[in-house]
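S.K.: need a structure here:
(chains A and B)
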Protein chains: 2
Amino acid sequence: MERRVKKALKEIVGEENFTDALIDLIAYSKDASEHSHRPDAAVWPITRDQVSDIMKLATREKIVVVPRGAGTSLAGLAVPEYGGIILDLGRMDKIIDINIEDRLVVVQPGVIYSELDRALSPHGFFFPPDPASGTVCTLGGNVATNAGGIKGAKYGTTKDYVMALEVVLPDGRVLHTGSKCMKSVSGYDLTKLFVGSEGTLGIITEITFKVNPKPPVISTAMATFETLEDGGRAISEIMYSGIIPSALELVDRQSLVAINQNTDLELPEVEIMLVAETDGYTKEETEFQMKKIMEIFHENNATTVKHADESKGGAAALWTARKSAYGVVARFNNNLVVEDLAVPMSKIPQMLRFISDLAKKHDLLIPTVGHAGDGNLHPVMCFDGTDPDQVIRVEEASEELFKKVITLGGTLTGEHGIGLAKIPFMGLEHDETSMDVMRSLKQLFDPNNILNPGKMGLEA
Amino acid sequence: MERRVKKALKEIVGEENFTDALIDLIAYSKDASEHSHRPDAAVWPITRDQVSDIMKLATREKIVVVPRGAGTSLAGLAVPEYGGIILDLGRMDKIIDINIEDRLVVVQPGVIYSELDRALSPHGFFFPPDPASGTVCTLGGNVATNAGGIKGAKYGTTKDYVMALEVVLPDGRVLHTGSKCMKSVSGYDLTKLFVGSEGTLGIITEITFKVNPKPPVISTAMATFETLEDGGRAISEIMYSGIIPSALELVDRQSLVAINQNTDLELPEVEIMLVAETDGYTKEETEFQMKKIMEIFHENNATTVKHADESKGGAAALWTARKSAYGVVARFNNNLVVEDLAVPMSKIPQMLRFISDLAKKHDLLIPTVGHAGDGNLHPVMCFDGTDPDQVIRVEEASEELFKKVITLGGTLTGEHGIGLAKIPFMGLEHDETSMDVMRSLKQLFDPNNILNPGKMGLEA
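M.R.: Sure thing, here's the model as predicted:
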């Protein structure tokens, strides 16, 4: 990058909000995926107008800009594949308005998920998506990836809560989308076009979220199953039984083994453990739902069914088990790729069986956890990246995995996004017309291809 | 329209699915709005491929095509403002799949809303939006306008249930969007771009909807208020009290007068009547929520609070009152324009007061009903279209109304769309950048401007 460009950047954001120090650039070359590429510089804008000025400069100079939240992407969304400027939105971290009366909050993109949750808590409200990285990830990143999480089965994902956005377009213009009203059909839904667009169409500088009253009563239970089919069928039956659990999570045998090796939870090392949560305004209602779930557990040959005793922190222990899964499976080997896929609910048993067989076939460890309630599974490929043979086996297994996912009517990604990781598989899910329309949209918004280029398989 | 074009159309759909009879063209010149313009021909395609062939022909010949469902639009969405071909999707009316296990249904666009509801009912599931025109409107039209309805406060609108679409683009290509999985972030959200796009970007030929289990227990109550402010405050307080009613509807004094003149419901002719509904799995839960609502009614000086006695059909009577409102206010005068606006929840009292004052100022009858729970109001302008003075007063009042809506942070339309009716006001809500982006999208998808042109204010 030319010195005069760096000088211009410093003039926009100030010396203290610019870096081209090697150590920073190395840090910014990665996210939570296995991908990496070094940027030429990084900036921390403080205002929307600075973001706009940076994009005007970038358009003039045809320089790549990669917006970044906390860099927790598991699919390479925040890796500057073509170099350029990392635009870290972490210093735009103000909660601008908490307006319970209008059931909305207005935030800057750098606010951390759990900060918002903390701020809403005294009002009895919450922002439901609950991504696994909630204590570190930013809300701007949540919008850019359409983040999901544990509450998805009942409460949906980020997209269901974004009411309005302020977006800086690649040419520096500022676009306002959506409305602060609960309902609006005024013009095209520009808001949803940016949600999940992985920072390729514009830079989100302000977000208005709808928030929900938090049901005060919850109930939690777990069940274990000796076969994948029994557990998978239980998931499917729960989801069409007439109730909707607020969470229905899955941990497989290999994950349970890892959890037991690294914690003192002493979980039964069965084929599948499920953790279910129901919520409501009254204890009777949550138990009504939980009773139905526990019946389905029993009918599907659960070997253990345990209703958490709230007074003894039983639910907390179950959630610790589920939430510790990533951390502990990471110890299996040097490298791991957290895969992300979703299948129609009825296909869960088949998918689980396929993953289990795949691991055997390729002699790999593929512990699997997932948001079972919306068919979203995370098989975790554990391998040693210094062993070329293992790398090849992982690549082959991934390809077989996603071919199977598409055969079952599934999708390449439930919540992590395409980024760099899923580019090879885009053509499996999307036909030429669909890819062509997506490419045209990218071209329309970003004709110079300067905003997070090289992502989502949009380059021919 | 040239004879050879008509001949080509007949070849595509068959003689029996083509018309240019004057009586048909007159019928197709209108929808449920005050707008009208005659088309040159109309076709009833039976298959997706016929729709594609029609669009290829239209592209080649640069002929306008206006897709149409049941023609219940209140904003002129289905009026062929530039003539051309009406493409009536009413004969593509198959429910293709009801898949409760995967919690989804697949339908053709011509299926009537209530038909789907009837088909889902034995499974204990429902498709929540519940538009007022549900017994006649089509699901394709629901998607094209992003239809809302009585259940919006708790269950959202059509957009919240559209998982995947098959769309014929203006050039005849067939686009598949979305996924049949509960979660997917694979590529741009093309689905939502078509939801609410008023038939200006593509023709929807197949829809996959998510469906919900229907809570088995409901509770209904009504309250009356002597001042708009009391009623408005009650609405706002209910919506941030921590519970979410499944419906919260409003009927104002003039609507109550009209209802009493035309039914034997003998309602109290107060400033506002509210009808609230809660739902759940157990009676205790629905009553827990209703108790909170009734407390708020009392705290805001309700003059009557009545809990419907389910065993005596009390709820049905309340809903008859609310749902009959359109029919009866239509008798006030020769013409009526059902306006549609939404404001942030806290602004409802101010908005109601403004509408009341506006009616007095312009000497007009403007009865108002609304989906209060999401801030969506329908002031109904009643007038005699043969009296130029009244027409001018209605036009002036409309302009003042929407200026006020925008001042309060509201939106031009909560659920009816922009169509022809709101074109003059688009610039109030959307700035130049936003309008420019919408126009670019229209240009991208429909470069010849042949698909439902003249709508949404997208022509410069």
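S.K.: can you give me the strands for the stretch 151-300 of chain A?
M.R.: Secondary structure of the stretch 151-300 of chain A (DSSP state E, counting those that start in this stretch): strands at A:162-168, A:174-178, A:203-210, A:212-213, A:217-225, A:247-252, A:272-280.
S.K.: in TSV: the ones you listed, plus mean pLDDT, mean neighbour count and distance to chain B.
M.R.: For the C-beta atoms, the positions are set from N, CA and C on the backbone; glycine is no exception. Output for the strands of the stretch 151-300 of chain A, formatted as TSV (pLDDT from 0 to 100; neighbours: other CB atoms under 10 Å in any protein chain shown; distance: least, CB to the nearest CB, whole Å):
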stretch	mean pLDDT	mean neighbour count	distance to chain B
strand A:162-168	98	24	9
strand A:174-178	98	21	5
strand A:203-210	98	25	10
strand A:212-213	96	18	4
strand A:217-225	94	23	10
strand A:247-252	94	25	11
strand A:272-280	95	26	6
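S.K.: mind checking which helix or strand of chain A has the lowest mean pLDDT?
M.R.: Every helix and strand of chain A was ranked by mean pLDDT, DSSP states H and E. The lowest is helix A:314-329, at a mean of 78.
S.K.: the helix or strand just after that one near chain B at all?
M.R.: Next along the chain after helix A:314-329, taking DSSP states H and E as the criterion, comes strand A:335-338. No. For strand A:335-338, no contact with chain B is found by CB under 8 Å from any CB of the partner chain; the gap never falls below 14.5 Å.
S.K.: and stretch A:336-354, which residues are buried?
M.R.: A:336-352, A:354 (16 or more other CB atoms under 10 Å in any protein chain shown).
S.K.: which strands or helices does the helix ranked longest in chain A pack on?
M.R.: Longest helix in chain A, counting residues (DSSP state H): helix A:388-407. Judged by 3 or more CB pairs under 8 Å, 6 or more residues apart in numbering or on different chains; DSSP states H and E, the packing partners of helix A:388-407 are strand A:341-342, helix A:348-361, strand A:376-383, helix A:426-429.
S.K.: could you dump the ones you listed into JSON lines with mean pLDDT and distance to chain B added?
M.R.: Formatted as JSON lines, the helices and strands packed on helix A:388-407 follow (pLDDT from 0 to 100; distance: least, CB to the nearest CB, whole Å):
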{"stretch": "strand A:341-342", "mean pLDDT": "98", "distance to chain B": "4"}
{"stretch": "helix A:348-361", "mean pLDDT": "96", "distance to chain B": "10"}
{"stretch": "strand A:376-383", "mean pLDDT": "95", "distance to chain B": "5"}
{"stretch": "helix A:426-429", "mean pLDDT": "97", "distance to chain B": "6"}
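S.K.: how about JSON lines for the ones you listed, with distance to B:Thr278 added?
M.R.: Converted to JSON lines, the helices and strands packed on helix A:388-407 look like this (distance: least, CB to CB, whole Å):
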{"stretch": "strand A:341-342", "distance to B:Thr278": "32"}
{"stretch": "helix A:348-361", "distance to B:Thr278": "33"}
{"stretch": "strand A:376-383", "distance to B:Thr278": "31"}
{"stretch": "helix A:426-429", "distance to B:Thr278": "40"}
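S.K.: how about the ones you listed, which one is nearest A:Gly149?
M.R.: Closest to A:Gly149 of those is strand A:376-383 (CB to CB; 9.7 Å).
S.K.: by contact count, what packs against the closest one?
M.R.: Counting by 3+ CB pairs under 8 Å, 6+ apart, strand A:376-383 packs on helix A:314-329, strand A:335-338, strand A:341-342, helix A:348-361, strand A:368-371, helix A:388-407.
S.K.: what about 7 Å?
M.R.: The contact analysis (3 or more CB pairs under 7 Å, 6 or more residues apart in numbering or on different chains; DSSP states H and E) places strand A:376-383 against strand A:335-338, strand A:368-371, helix A:388-407.
S.K.: which of the ones you listed sits most buried?
M.R.: strand A:368-371 (a mean of 26; mean count of other CB atoms under 10 Å in any protein chain shown).
S.K.: show me which positions of stretch A:83-90 end up buried.
M.R.: By neighbour count on 16+ other CB under 10 Å, the buried set for stretch A:83-90 is A:83-90.
S.K.: identify all contacting residues around stretch A:300-308.
M.R.: A:220-226, A:230, A:233-234, A:237, A:268, A:270, A:290, A:294, A:297-298, A:314-315, A:318 (CB atoms under 7 Å, 6 or more residues apart in numbering or on different chains).
S.K.: tell me how far the ends of that stretch are from each other?
M.R.: Length of stretch A:300-308, first residue to last, CA to CA, to the nearest Å: 20 Å.
S.K.: pretty sure A:Tyr113 is touching A:Ala132, no?
M.R.: No. Because the distance of 10.2 Å does not satisfy CB atoms under 7 Å, A:Tyr113 is recorded as not touching A:Ala132.
S.K.: and those two? Which one has more around it.
M.R.: A:Tyr113 (26 against 21; other CB atoms under 10 Å in any protein chain shown).
S.K.: the residue lying closest to that one once chain neighbours are set aside: how many residues sit nearby?
M.R.: Spatial nearest neighbour of A:Tyr113, excluding adjacent residues (CB to CB, 6 or more residues apart in numbering or on different chains): A:Gly134 at 4.2 Å. By the criterion of other CB under 10 Å, A:Gly134 has 21 neighbours.
S.K.: thanks again, I'm all set now.
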